[in-house]
Structures are given as C-alpha cells and as structure tokens.
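S.K.: below: sequence and its predicted model.
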Amino acid sequence: VGELRCLRRLAWARLLGAVSGDSLEQWADQMDEHRRHYNNLVENFKKETNVKAHDPNLCNPLSRNSNNPFLKIQVNEDLLREIWKDVERTFPECEFLSSAESRKVLQRMLFHWCRSMNPSSNASDSYRQGMNELVAVIFSVVKQGEYAGGSWESAEALGTRLCGSGHNEADAYILFSRLMDHGLRAMFMNSGRASARPSKSPIGDLPRSFFSGRGPAEQGPPGSAILARCQFIFDQVLHCMDEDLHTHLKKLEIEPQVFLLRWLRLLFCREFELEETYLLWDGLFATAGRPAPPGALQYAQCTGAPAEAAVVREAAEASAALPLVDFTAVALLRTMRGELLSLDQTDCLRRLLSGCAANDATHLVDTARKLQAAGGAPVQRNLSARRRLCFDRHQQLRLKAKRQACRLRLRSWRTPFEESRSS
C-alpha cells in the first residue's frame, strides 16, 4: 500500500515534465535538484528578513533610501497577508487542508513562487486569487502520496528519496510551478490585480460588467489571453460541437467568460469534490503537451496589431499545453445541455455558476476525449432536450451518494503517520 500511494504523485511529476528519463534513480536525482532550488529560495528569504544581519543605518523604517532593505521586507509582508486572506478560505471542508500548519505551507509555496517570477520587482504582481486552490489540490495529492514504507528493503531508500514525507512542501512547490508553466500563468495574468475587489453581481462572485449586454467578445479583440481562450472555446469549439447550445447561449447574451474564467483558471477543481478532481486532473495531465491531432480546431490568425496577435498566440499556447481542458469545458456544458436549453438568461446564469459537483469526472474526461477526437465535427445528439433533462436528473441522483461518501472520506482522512500514531 505504501508504494501505491506514491503513484499519482510520481505520475503528475512525470506528466508535467518535472522529471524525465526511464529510471526511478534518474527521477530521484532530478527531484533532489529541484528541491535544492526551492530550499535556496527559502533560505535566501530568511536572510533578507533578518533585520539584525543588515546595516542598522540602512535598514531603518524611517530611512527614505531606495536601497533600504526594510522597504522590501514591508512589501513581502503585504504579499504574505494578501495570500493568507485567500488561503484561509481554501477548501474549508477538508480537515487536512484547513489546518493551520497546512495553510502556512500553502502560503509559503505561493509566496516563494511569486518571488521567483519577479525577483527584481514587486512579487505581488505575480499573485492572483485562485492560485491558492490549485496549490491546495497539489499539496493534498503530495501529502497522500508520501512514502510510508514498503515490503521490499531495496525499495525503501529509493521510495524515501522520491516521496519521503520530508520533501512534501518542496515537491508540491515543484508540481505547482510546472503546472503554472503549462499555460496556467497566462490565464491569471493581464487581467487586473486579484486584490482589487470589484463590486459584486447579483449572481455569484463576479463583476457586474460581466452581465452587461455587450462584452469583450462583441466589442473587439480580447485584451488578455484568458479572454481570447474563452472566445475560442465558445465561438469555435462549442459552435462546432453543439451549434444549438451555442446559439441558445448567444441569444441570451451570456458572455463565455462568465463561467469559463473559473473553469480555466482552477481546472474545474471547484466543480467537483476533491477525490473527483484528482481523477479529472489525471486525465488532463495525461495529454499535456501532446501535438494536436490532424484536423483539430485552430485559433484564427490575428491580423491586427502586434499586441493583439501576441495575446492570441499566448492563448493558443495555453490551449496546446493542456489540450484536453478546452474540450472538457465543452463536455461540462453538454452535461447541462438539457437544462440550459430550457432556461431563460437569469436561470441559465444561475445554473452555470452553481457548480457541477454531480458530474462524474471519469465520464467527463472520456467525453472530452471523444470531442477532441471528433476534430471539430458536430457530435451526434440522440436525446431530445426533454429526455436529456431527465437523464441529467438521473445522473445527479445516481451520484449523490458518491458525493456524500467523498465528503465522509475527506473528513475522516488521515495520513499514514497519523494512523500509526493512533494505533
């Protein structure tokens, strides 16, 4: 059992490119190198924040010197406070992730990632709300996959090197950093500071501007990669796969970014229970970086200004990094198809923003793969809207017990170390 718990942790490292090669010894050497890099980040930060190690004439809160280390210390503290506000609200239903110790680890990983992205400028420019959700999912997988000892002495040392409990924080940071390199960083950037809290809409936690009659999709070129990707999924992928649903949402003047922003940035982790999210991410990561199949849908070539072309190119690169994500978004829409086609604008928005925890992640990945294999061809629909609505309700009832079981497992879940202590 100890070896099996490590499989997902190692698989994600391999799929996201943190390790390469055919032998576990190579993987262990590469992970050791990554860990040294993270430990150096932590140690350098400790030195910077050690006020006693600096010249007292220079490191002074009253000094206006631009090289005053105290100013950088204040900036770091502001960023830590900003991250903590989000970390405090991360997966409160999970006992492990909601513990004070785990929240401190999440805060540290996010903080050091932001510093590594902007080492010579304001690190807070790299942080956005929602990153805390991603790193929490990864940290929970790493924690569950820590090596608890095996039945073969020869595997003991290697298992400890690869997945030892002492490496959990560094390994989670490595996986998070690699995930952000797979197009996720572009999904958070160029869209305003997360700390700038906009006015709330009547429906969900979204700016009121999302519910105006016209939006970025109709006003002109998108201003960020995330909006360009939303337009591509909505106006190309969904339009080709399900023209009726696309036309209906278009007629209701529902902007795609209203629901796609959260799906793309969080990789659907708030649409499912944690256990289902693990399965979904298994499928998404399995196709990371794979070339598009022949006849696949492509982003339209931008003939506008260089800045607009760069935005579209960045969105296309994000789609190519995790190619199944775009089709998973369409597959998720199709699970609600019967309901959406029968609703008006307000109820349609409520349905899209209410979460989709009734869906089976494994089935959703299979559907996304079929859509991807279709290569832009319309998918046959054998169910009428009325029958589809009945089918969706049946799916919700069938999986209700499964969701409740997941919640019970999360509440009672303990690490191997905790189990050994209790026994």
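M.R.: Nice, I can see it.
S.K.: now do stretch 317-335, average pLDDT.
M.R.: Here stretch 317-335 scores 95 as its mean pLDDT.
S.K.: can you give me the buried ones in stretch 101-120?
M.R.: With burial defined by 16 or more other C-beta atoms under 10 Å, the residues of stretch 101-120 counted as buried are 102-103, 105-115, 117. All C-beta spots, glycine's among them, are computed from the backbone N, C-alpha and C.
S.K.: chain center to that stretch, what's the gap?
M.R.: Relative to the centre of its chain, stretch 101-120 is centred 16 Å away, using C-alpha atoms, centre = their mean, to the nearest Å.
S.K.: ok, residues contacting that stretch?
M.R.: 38, 41-42, 45, 76, 79-80, 83-84, 87-88, 90, 96-97, 123-127, 131-132, 135-136, 139, 168-169, 172-173, 176-177, 180, 185 (C-beta atoms under 8 Å, 6 or more residues apart in numbering).
S.K.: quick one: buried ones out of these?
M.R.: Here, 16+ other C-beta under 10 Å leaves 38, 41, 76, 79-80, 83-84, 87, 90, 96-97, 123-124, 126-127, 131-132, 135-136, 139, 168-169, 172-173, 176-177, 180, 185 buried among these.
S.K.: what about Gly223, distance to Ala305?
M.R.: 12 Å (C-beta to C-beta, to the nearest Å).
S.K.: quick one, domains of this structure?
M.R.: 4-192, 208-289+305-412 (automatic domain parsing).
S.K.: report the contact partners of the most centrally placed residue in the chain.
M.R.: Nearest to the geometric centre of the chain sits Leu266, at 3.5 Å (C-alpha atoms, centre = their mean). Leu266 makes contacts with 130, 133-134, as judged by C-beta under 8 Å, 6+ apart.
S.K.: nearest to Arg14, of those residues?
M.R.: Comparing the contacts of Leu266 against Arg14 with C-beta to C-beta places Leu134 closest, at 18.7 Å.
S.K.: kindly indicate whether the closest one is helix, strand or coil.
M.R.: Classification of Leu134 using DSSP: H, G, I helix; E, B strand; the rest coil returns helix.
S.K.: how about Leu364?
M.R.: helix.
S.K.: contact partners for it?
M.R.: By C-beta under 8 Å, 6+ apart, the neighbours of Leu364 are 280, 328, 331-332, 335.
S.K.: distance of it from Arg350?
M.R.: In terms of C-beta to C-beta, Leu364 sits 21 Å off from Arg350.
S.K.: do the same with Pro294
M.R.: 40 Å.
S.K.: just Asn44 next, same as before
M.R.: Distance of Asn44 to Arg350, given as C-beta to C-beta: 48 Å.
S.K.: also Phe234?
M.R.: 19 Å.
S.K.: among those two, which residue is more densely surrounded?
M.R.: Using other C-beta atoms under 10 Å as the criterion, Phe234 and Arg350 rank with Phe234 on top: 23 against 13.
S.K.: mind listing what the closest residue in space to that one that isn't next to it in sequence touches?
M.R.: Excluding the flanking residues, the one nearest Phe234 by C-beta to C-beta, 6 or more residues apart in numbering is Pro256, at 3.6 Å. Applying C-beta under 8 Å, 6+ apart to Pro256 gives the contacts 217, 230-231, 233-235, 249.
S.K.: hmm, which of the residues you listed are the buried ones?
M.R.: When the contacts of Pro256 are checked for burial by 16+ other C-beta under 10 Å, the buried set is 217, 230-231, 233-234, 249.
S.K.: all set now, cheers.
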